[in-house]
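[1] here's a sequence, model it:
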Amino acid sequence: MLKKVFVVFFLLFFVCSIAQKDVFEISRDGSLAELKELIKKEPNCINELNENGYTPLILACYRGNNELAAFLVHKVKDIDALSEMGTALMACAVKGNVQIAKLLLEKGCNPDLADANGTTALIYATQFNNSELIKALLKYNADKTKIDNKGKTAFEYAVFSGSEEIINLLK
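    Numbers count the residues shown, from 1 in each chain. Sure thing, here's the model as predicted:
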């Protein structure tokens, strides 16, 4: 009898823990269906910040949860929400997620915002040698003259990398 009670308790605990995912857990690795279900209960949850200052959109972009990121791009109040570590666009630049970065740019995000280190999405794209993203950022008028806290522009990082293609894009 005690064994059955334990099994029932364990199953109930397991089901409840799955059902109680928050918007940040869902944004990292959940499904769009889970997010939509949560939004029915908490419509503004997609605009919240977690304890580290990240929005669900930033987390979805950083984790490559493209289906959720694409949905959130069209639903959140501020696609340019800035955490200490940057914006959703910067998360895309760090992770090489050109698809969502282009969607953010099309939706009107600001390509020139900088994180706490003064690093912009263009500088990140340059540091990670992502010429496709650099082209997209420049198409949406990313400022090539922005300087980070180390006193360097994207062009200076391009020179350091030695990539002729990227150097030529940033001249």
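
[2] low-scoring stretches of this structure, by residue?
    Where the chain drops to pLDDT under 70, the residues are 1-19.

[3] all helices for it, in order.
    Under the criterion DSSP state H, the chain contains helices at 2-19, 23-29, 32-41, 56-63, 66-75, 88-95, 98-106, 121-127, 131-139, 154-161, 164-170.

[4] among those, which is nearest Glu48?
    Closest of these to Glu48 is helix 23-29, at 6.4 Å (criterion: Cβ to Cβ). C-betas here are computed from N, CA, C, even on glycine.

[5] name the helices or strands packed onto that closest one?
    helix 32-41, helix 56-63, helix 66-75 (3 or more Cβ pairs under 8 Å, 6 or more residues apart in numbering; DSSP states H and E).

[6] rewinding a little: adding distance to Leu49 and mean neighbour count, write the helices of the chain out as a markdown table.
    Output for the helices of the chain, formatted as a markdown table (distance: least, Cβ to Cβ, whole Å; neighbours: other Cβ atoms under 10 Å):
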| stretch | distance to Leu49 | mean neighbour count |
| --- | --- | --- |
| helix 2-19 | 23 | 9 |
| helix 23-29 | 9 | 20 |
| helix 32-41 | 16 | 14 |
| helix 56-63 | 9 | 27 |
| helix 66-75 | 14 | 19 |
| helix 88-95 | 13 | 27 |
| helix 98-106 | 18 | 20 |
| helix 121-127 | 20 | 28 |
| helix 131-139 | 25 | 19 |
| helix 154-161 | 28 | 19 |
| helix 164-170 | 33 | 16 |
